[in-house]
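Student: Sharing a model that was predicted from the sequence below.
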Amino acid sequence: MELIDLHTHSNASDGTFAPAEVVRLAKVGGLKAFALTDHDTVEGLAEAMAAGEKYGVEVIPGVEVSARFPGGSMHILGLGIEYGNGQLGERLAVLQKARAERNPQIIAKLNGLGVKITFEQVEKISGRGQMGRPHIARALMESGYVRSIQEAFDIFLRNDGKAYVPKFRFPPQEAIAMIRDVQGVPVLAHPFTLNLGSAFALKSTLTELEALGLAGIEAIYAEHTPEQEALYLRLARELGLLVTGGSDFHGDNKPELTLGKMRGQERLTYRLVTALKDWRRREYGLHG
């Protein structure tokens with residue numbers, strides 16, 4: 001089978017491997033294609049695209065955009081984007097600025113709780129990429145305050161954590177529009193993080209997002225249960241949405257996740273990439 005992975009991260013955001021290394025791992029893992037979808041940035045895409053030529057792996061340029069959603073966390077993947085568009089860079093810069101302003105506030109909250117980590121310590125961990133909560137989590141682990149990155153989120157950094165600080169996000173219609181403006185395919189990532197209590201509520205939300213221009217749903221995902229996957233696949237059929245899926249690979253920041261290796265991987269074949277390309281051609285009048 002020609003296997004794929006449509007949700008991965010590099011150290012341009014909060015992964016631990018350089019974009020070219022992610023491409024090499026995709027090659028080693030036997031993937032025909034994968035999408036690099038760093039959080040709120042396209043800085044790693046040029047390197048990844050060049051490495052794709054070198055290793056003979058098709059790299060689908062992507063991004064993962066945070067969107068505002070009460071009661072949960074909404075992320076919109078943009079797949080097949082024209083990533084060199086300057087307008088996209090300007091919009092992403094707004095999110096990057098919000099992230100940069102948030103980090104010192106989180107560290108200050110941690111310090112107020114008696115957790116003595118420094119901005120410089122976290123900055124060193126982040127390396128070339130945008131600093132974010134996974135880097136703060138790693139600093140907490142390396143300093144002995146928690147045993148794992150997950151524990152750091154559970155105690156301090158998730159939405160109800162002791163040191164959580166809210167971050168500016170675009171409303172969903174703006175997140176979707178910025179992806180469509182660069183001829184990308186907008187896809188709702190990991191729907192369970194919306195924290196909706198029923199299939200009816202999720203279907204209603206998907207219907208609203210589809211009216212705003214949403215094209216797909218990430219039905220196959222490393223952390224979905226079989227029941228969730230079945231529900232998302234059913235809703236995709238009922239609403240006529242594209243199906244995508246991926247590992248959400250972050251390297252050592254999520255060591256339990258392996259690029260291109262997850263339950264349901266056999267469903268992630270190149271036919272999904274073909275469907276994405278067909279949708280882009282129809283929607284934007286593209287050729288080839």
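Tutor: Looks like it arrived, so ask away.
Student: Now the biggest helix by length in the chain: average pLDDT?
Tutor: As assigned by DSSP state H, the longest helix anywhere in the chain is helix 86-112. The pLDDT scores in helix 86-112 average 93.
Student: could you pull out the helices for the stretch 1-150 of the chain?
Tutor: For the stretch 1-150 of the chain, the helices defined by DSSP state H, counting those that start in this stretch cover 19-28, 45-55, 86-112, 119-126, 133-142, 149-152.
Student: Next, format those helices as a markdown table and append distance to Asp5.
Tutor: No exception for glycine: its C-beta is placed from N, CA and C like everyone else's. Converted to a markdown table, those look like this (distance: least, CB to CB, whole Å):
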| stretch | distance to Asp5 |
| --- | --- |
| helix 19-28 | 7 |
| helix 45-55 | 13 |
| helix 86-112 | 22 |
| helix 119-126 | 24 |
| helix 133-142 | 19 |
| helix 149-152 | 21 |
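Student: want to try a markdown table for those, with mean neighbour count as columns?
Tutor: A markdown table is the format used below for the helices of the stretch 1-150 of the chain (neighbours: other CB atoms under 10 Å):
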| stretch | mean neighbour count |
| --- | --- |
| helix 19-28 | 22 |
| helix 45-55 | 18 |
| helix 86-112 | 16 |
| helix 119-126 | 16 |
| helix 133-142 | 23 |
| helix 149-152 | 20 |
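Student: Figure out which of those is closest to Lys203.
Tutor: helix 86-112 (28.3 Å; CB to CB).
Student: That closest one - contacts with which helices or strands?
Tutor: Contact here means 3 or more CB pairs under 8 Å, 6 or more residues apart in numbering; DSSP states H and E; on that basis helix 86-112 packs against strand 58-67, helix 119-126, helix 133-142, helix 172-180.
Student: please redo it, this time with the cut-off set to 7 Å
Tutor: Packing contacts for helix 86-112, counted by 3 or more CB pairs under 7 Å, 6 or more residues apart in numbering; DSSP states H and E, involve helix 119-126.
Student: can you state the direction angle for the helix it packs on and helix 86-112?
Tutor: Put simply, helix 119-126 runs at 130 degrees to helix 86-112, going by axes from the mean of the first three to the mean of the last three CA atoms, to 10 degrees.
Student: Counting by contacts, list what helix 119-126 packs against.
Tutor: Counting contacts by 3+ CB pairs under 7 Å, 6+ apart, helix 119-126 packs against helix 86-112, helix 133-142.
Student: Can you verify my assumption that Lys32 contacts Tyr270?
Tutor: Yes: with contact defined as CB atoms under 7 Å, Lys32 reaches Tyr270; the gap is 5.3 Å.
Student: so how far is the longest helix of the chain off the chain centroid?
Tutor: Offset of helix 86-112 from its chain centre (CA atoms, centre = their mean, to the nearest Å): 17 Å.
Student: Could you say which helix or strand holds Phe166?
Tutor: You called it Phe, but residue 166 is Pro. Secondary structure from DSSP states H and E places Pro166 outside every helix and strand.
Student: still on that earlier bit, which residues are in contact with each of Lys32 and Tyr270?
Tutor: Common contact partners of Lys32 and Tyr270 (CB atoms under 7 Å, 6 or more residues apart in numbering): 2, 4.
Student: if we can go back for a sec, between the helices and strands packed on helix 119-126, which one is closest to Leu286.
Tutor: Of all the helices and strands packed on helix 119-126, helix 86-112 sits nearest to Leu286, with 17.1 Å by CB to CB.
Student: Now do that closest one and helix 133-142, the angle between them.
Tutor: Using the same axes, to 10 degrees: helix 86-112 against helix 133-142 is 30 degrees.
Student: angle of helix 86-112 against strand 58-67?
Tutor: Going by the same axes, to 10 degrees, helix 86-112 makes 60 degrees with strand 58-67.
Student: Now do the contacts for the residue nearest the centre of the chain.
Tutor: Ranked by distance to the mean C-alpha position of the chain (CA atoms, centre = their mean), the top residue is Glu64 at 4.2 Å. Shown in contact with Glu64 (CB under 7 Å, 6+ apart): 37-39, 75, 77, 189.
Student: now the residue lying farthest from the centre of the chain: how far from Tyr83?
Tutor: Ranked by distance from the centre of the chain (CA atoms, centre = their mean), the top residue is Gly114, with 31.6 Å. Plainly put, Gly114 is 43 Å away from Tyr83 if you go by CB to CB, to the nearest Å.
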